[in-house]
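Trainee: Got a predicted model here, sequence first, then my questions.
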Amino acid sequence: MSAVEQVEQQLAGLRIARRCVPSEEPAYLLDIHTSGAAQPGASPLVAVSCSNESLRVYDGDTLRLLREYGARGGALAGVRFAHTSASLLFSACSQGTVKCWDVRSAMQKPVQVFSGYPSNVFISFDISCSDLIVCAGTEKVEKDTFLVFWDARGITDCASATKEPLGVYSESHNDDITKICFHPVEPNLVVSGSTDGLVNVFDINKDNEDDALISTCNSDSSVSSLGWAGEDYKQVYCMTHDEGFCWWDTARLDTEEPITLLHVLDAREAVSAENHSLQYLVGGFYHEKAGKLFLLGGAATGDVHLLSCSTEGLSLVGTLRGGHAATVRSCCWSPTEESLLTGGEDAQLLLWKPGAVERSLAKKASLKISSSVQKRVRVHNTSLKSRKK
């Protein structure tokens, strides 16, 4: 059996190891991230941003709630642990700030606030792999949309200080910047996606925005998610709000070969022959051991579908059932633990591991949340000009 087949079999065999059902006011789980640099023998941490504007931190092994930071500062636009410290956690919010929290402290006060410009509404952000630069993307205000950058050094030395931006990129997108993702190993590379359909790769070491823009790829739709893939992470992929998928190879930029590896207008149709219940895409991850890109999708019933990507198309690897009772909104693959975390509109956080057996086998009641919660979650307008078929 090849390494790819082994990994696909392992993914298809993921089972629920832990389940966390918050007892308080239910909220959609919008984004999930795990810490990487825990102490030897210590559990990793899991952070979740919720639709009620709270930020929760869990023990990665038991899913026990350790910290919760309250609903202040507007809707959250993602959550990220620092790469070099498991105790520093970043979150961006719609009120134009990125905050850094020290999860060792029970204080409801961030150790650092990165402030934007007065009109900024942040809906995406990330931190470079070296933890030196924070970047956030804004909603469009009048004609302006920005990538805002800060120097993230010296967080623990200047508690509660507010940092001003280093500067902005303002010319490369003309609509809401929905996703930002720094390169996993090259701290100067960052990719951004927008409702304008563009996916831009920048080298932020360059002196100005024009020189920094390495490549512009067009998804022909509104970008909902993106990431890096491939050997040395030279590939970029994105998902769109109308369930499309695009995959490009930036290593081909200076060659005669086309950079588009795959462009699927509608993933629901692309895998319908195998599974009729794929209704949406959630996210993706690159599996280094298999050298393979995988996507996660799902159905409104809560089923999670694992899809394998090749230049020939998308194919179903397996379906994870019995977990969620409603739409899955977020996912996070942990390569060190070889486990998957998923969160959804049923307020559940699930940890999936190969061949796991869930401790509690009590029958789960339906956890579908009233649609009133939806009012708190921004839904991007995906009505775009007709696309080329």
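Mentor: Okay, I see it. Remember, predicted model here, so these are calculated numbers, not experimental data. Residues are numbered from 1 along each chain as shown.

Trainee: so where is the stretch 201-350 of the chain shaky, pLDDT-wise?
Mentor: In the prediction, the stretch 201-350 of the chain carries residues with pLDDT under 70 at positions 272-276.

Trainee: neighbouring contacts of the host helix or strand of residue 148?
Mentor: For residue 148, the host element (DSSP states H and E) is strand 147-151. Identification of contacts with strand 147-151 by Cβ atoms under 8 Å, 6 or more residues apart in numbering yields 98, 114, 116-117, 120, 122, 132-138, 163-170, 172-173, 177, 180, 192, 202, 204. For the C-beta atoms, the positions are set from N, CA and C on the backbone; glycine is no exception.

Trainee: What is the end-to-end distance of stretch 320-339?
Mentor: Taking Cα to Cα, to the nearest Å as the measure, stretch 320-339 stretches 13 Å from start to finish.

Trainee: Buried residues in it, which are they?
Mentor: 320, 323-334, 337, 339 (16 or more other Cβ atoms under 10 Å).

Trainee: Ramachandran coordinates for residue 321?
Mentor: phi -110, psi 170 (degrees, to the nearest 10).

Trainee: Could you pull up the contacting residues of the spatially closest residue to it that is not a sequence neighbour?
Mentor: Distances taken as Cβ to Cβ, 6 or more residues apart in numbering place residue 303 nearest to residue 321, at 5.4 Å, with adjacent residues excluded. Contact analysis of residue 303 by Cβ under 8 Å, 6+ apart lists 277, 319, 320, 321, 324.

Trainee: which among these gets closest to residue 31?
Mentor: For the contacts of residue 303, the closest approach to residue 31 (Cβ to Cβ) belongs to residue 324, at 15.9 Å.

Trainee: Report the buried residues of the top helix by length along the chain.
Mentor: Identified as the longest helix of the chain according to DSSP state H is helix 3-12. Neighbour counts over helix 3-12 (16+ other Cβ under 10 Å) mark 7, 8, 10, 11 as buried.

Trainee: Check what contacts that helix and list those residues.
Mentor: With Cβ under 8 Å, 6+ apart as the criterion, helix 3-12 contacts 1, 287, 289-292, 294, 306, 308, 317-318, 338, 354.

Trainee: let's go with 10 Å and repeat that
Mentor: For helix 3-12, contacts defined as Cβ atoms under 10 Å, 6 or more residues apart in numbering pick out 1-2, 287-292, 294, 296, 306, 308, 310, 315-320, 333, 338, 340, 352-355.

Trainee: Make CSV from the contacts of residue 303 and add distance to residue 229 and secondary structure to it.
Mentor: Formatted as CSV, the contacts of residue 303 follow (distance: Cβ to Cβ, whole Å; DSSP: H, G, I helix; E, B strand; the rest coil):
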residue, distance to residue 229, secondary structure
277, 26, coil
319, 22, strand
320, 21, strand
321, 27, coil
324, 25, coil
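
Trainee: Any chance of TSV for those, columns distance to residue 257?
Mentor: Output for the contacts of residue 303, formatted as TSV (distance: Cβ to Cβ, whole Å):
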residue	distance to residue 257
277	36
319	35
320	36
321	40
324	40
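
Trainee: so, if you compare these, which one comes nearest to residue 77?
Mentor: When these are ranked by distance to residue 77 (Cβ to Cβ), residue 324 comes first, at 22.8 Å.

Trainee: Quick check: closest non-adjacent residue to the closest one.
Mentor: residue 302 (3.2 Å).

Trainee: Ends of stretch 34-43, what's the gap?
Mentor: Span of stretch 34-43 from end to end, Cα to Cα: 10 Å.

Trainee: just stretch 212-224 next, same as before
Mentor: OK, stretch 212-224 end separation, Cα to Cα: 23 Å.
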